[in-house]
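**Q** Mind folding the following:
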Amino acid sequence: MPAAHLDALAASGLYGIAGPAGAGGLDADLPTFCNAIEIMAGSCLATTFVWLQHHSAVRALRASANVPLRDAWLEPLCQGAQRAGIALGGVRPGPPLLRARTVTGGYLFNGSAPWVTGWNMIDVVYTLARDEEGSVVAALLPSHAASITARSLDLIAVNASRTVELSFADHFVPAELVTSVVPLSQWQATDAAGLRPNGSLSIGVAARCCIMITGSQSERGQGRDDWPGGALRTELASVRAALDNADVGSMPAARAAAAEFAFRAAGVLVATAGSRSILAAEDPQRLAREALFLLVFGSRPAIKQSLTLRLAASPVLG
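**A** As a prediction, this is how the structure comes out:
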């Protein structure tokens with residue numbers, strides 16, 4: 001992915017969309033943030049994927065009680081002068097992949113964190129590990145160190161995002177770089193309340209499919225409301241509204257519905273566009289691969305269960 005993509009986002013102020021105005025951020029509300037994600041995801045999902053990870057660090061610093069760390073990093077992150085990724089190995093379901101052991105002056109991190117995006121395009125990694133008590137230790141770490149190694153992941157979609165798996169071997173994390181230490185249950189509650197933005201990735205891909213389906217049908221003189229393009233646009237609005245109106249309890253089902261809809265809309269686009277869809281240079285195959293990617297990206301056990309049940313019950317598959 002060209003660095004110019006990220007430079008353009010920084011120049012427009014979008015690296016600070018989730019940041020406070022006092023630090024040069026846009027202080028945007030959730031609907032504005034989600035709308036921006038949707039527009040960008042329908043244009044270039046790889047760029048959006050890298051950019052989106054950055055905001056976890058911005059939000060963490062904004063809420064952090066570590067004032068020196070916040071003062072040093074929040075403004076350059078909001079300006080896009082410094083850019084962040086995220087490593088979630090410590091809070092994935094099941095035993096933690098990344099552990100933090102308390103030592104004098106901070107922690108030693110050991111383990112791994114898959115799905116770290118934007119490697120060699122980010123300056124810091126907002127990293128989550130679990131300590132001996134099971135609490136989540138969150139820290140803002142420089143992206144390169146001798147005790148951190150990166151293994152590139154070869155993805156079938158958004159491969160331009162430069163996604164890697166990081167391994168930590170007795171990596172010392174000074175207390176000065178820690179943004180918070182909270183019980184796992186508290187982190188899970190915060191995470192559940194923040195599941196909405198990732199749903200906009202699916203909405204953006206689905207919306208692009210709907211636009212292209214309508215264009216393809218018009219080329220063939222088939223632009224009638226009873227053809228798939230019109231029906232899909234109506235369903236798109238319904239799926240988006242369900243995400244907007246979901247609470248913590250209903251959000252997993254709404255996220256699953258958005259991912260399933262994007263997957264189905266991409267399939268309709270491939271069929272509508274015809275045989276050219278499978279040419280490597282064509283957009284339909286790319287969008288289909290991106291929709292496949294979004295079936296698993298940003299998922300949680302409840303989302304996965306709901307999505308699996310939806311796909312299994314689909315008339316297309318049944």
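**Q** What ranges does the stretch 201-318 of the chain have for its helices?
**A** Using DSSP state H, counting those that start in this stretch, the helices of the stretch 201-318 of the chain run over 228-245, 251-273, 283-294, 301-313.
**Q** TSV for the ones you listed, including mean pLDDT and distance to Asn110?
**A** C-beta: built from backbone N, CA, C; applies to glycine. Listed next are these as TSV, based on pLDDT from 0 to 100; distance: least, CB to CB, whole Å:
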stretch	mean pLDDT	distance to Asn110
helix 228-245	92	37
helix 251-273	96	31
helix 283-294	97	29
helix 301-313	93	25
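**Q** count of neighbours near Arg196?
**A** For Arg196, the count of nearby residues is 18 (other CB atoms under 10 Å).
**Q** again, but for the one 10 residues further on
**A** When neighbours are counted by other CB under 10 Å, Ala206 registers 32.
**Q** so what's Phe263 closest to, chain neighbours aside?
**A** The shortest distance from Phe263 to any non-neighbouring residue, by CB to CB, 6 or more residues apart in numbering, is to Ala291 (4.5 Å).
**Q** Tell me if I'm right that that neighbour and Val205 touch.
**A** Yes - using CB atoms under 8 Å, Ala291 makes contact with Val205 at a distance of 5.6 Å.
**Q** Between the two, which contacts overlap?
**A** Residues touching both Ala291 and Val205 (CB atoms under 8 Å, 6 or more residues apart in numbering) are Ala262, Ala265, Ala266.
**Q** filter those to the buried ones?
**A** Ala262, Ala265, Ala266 (16 or more other CB atoms under 10 Å).
**Q** Tell me who's in contact with the last one.
**A** When contacts are counted by CB under 8 Å, 6+ apart, Ala266 touches Val205, Ala206, Cys209, Pro284, Leu287, Ala288, Glu290, Ala291, Leu292.
**Q** Show me where the stretch 1-150 of the chain has its helices.
**A** According to DSSP H, counting those that start in this stretch, the helices that the stretch 1-150 of the chain contains are 3-11, 30-41, 45-63, 67-79.
**Q** Quick check: which of the ones you listed is nearest to Ser167?
**A** Set against Ser167 and scored by CB to CB, the helices of the stretch 1-150 of the chain come closest in helix 45-63, at 18.6 Å.
**Q** which other helices and strands contact the lowest-mean-pLDDT helix or strand in the chain?
**A** Of all helical and strand segments in the chain, the minimum by mean pLDDT, DSSP states H and E falls on helix 196-219, at a mean of 88. Here helix 196-219 touches helix 30-41, helix 45-63, helix 228-245, helix 251-273, helix 283-294, going by 3 or more CB pairs under 8 Å, 6 or more residues apart in numbering; DSSP states H and E.
**Q** got the angle between that helix and helix 283-294?
**A** 160 degrees (axes from the mean of the first three to the mean of the last three CA atoms, to 10 degrees).
**Q** from memory Gln5 sits against Thr48, does it?
**A** Quick fix: residue 5 reads His, not Gln. No - His5 is not in contact with Thr48 according to CB under 8 Å; the separation is 9.6 Å.
**Q** quick one, which of these two is more surrounded?
**A** Per other CB under 10 Å, whichever of His5 and Thr48 has more neighbours is Thr48, with 25 against 19.
**Q** Show me this structure divided up by domain.
**A** 3-188, 195-313 (automatic domain parsing).
**Q** weakest of those in terms of mean pLDDT?
**A** Between these, the one with the least mean pLDDT is domain 195-313; it has a mean of 90.
**Q** quick check, distance from that domain to the centre of its chain.
**A** How far domain 195-313 lies from its chain's middle: 16 Å, per CA atoms, centre = their mean, to the nearest Å.
**Q** Many thanks, I have nothing further to ask.
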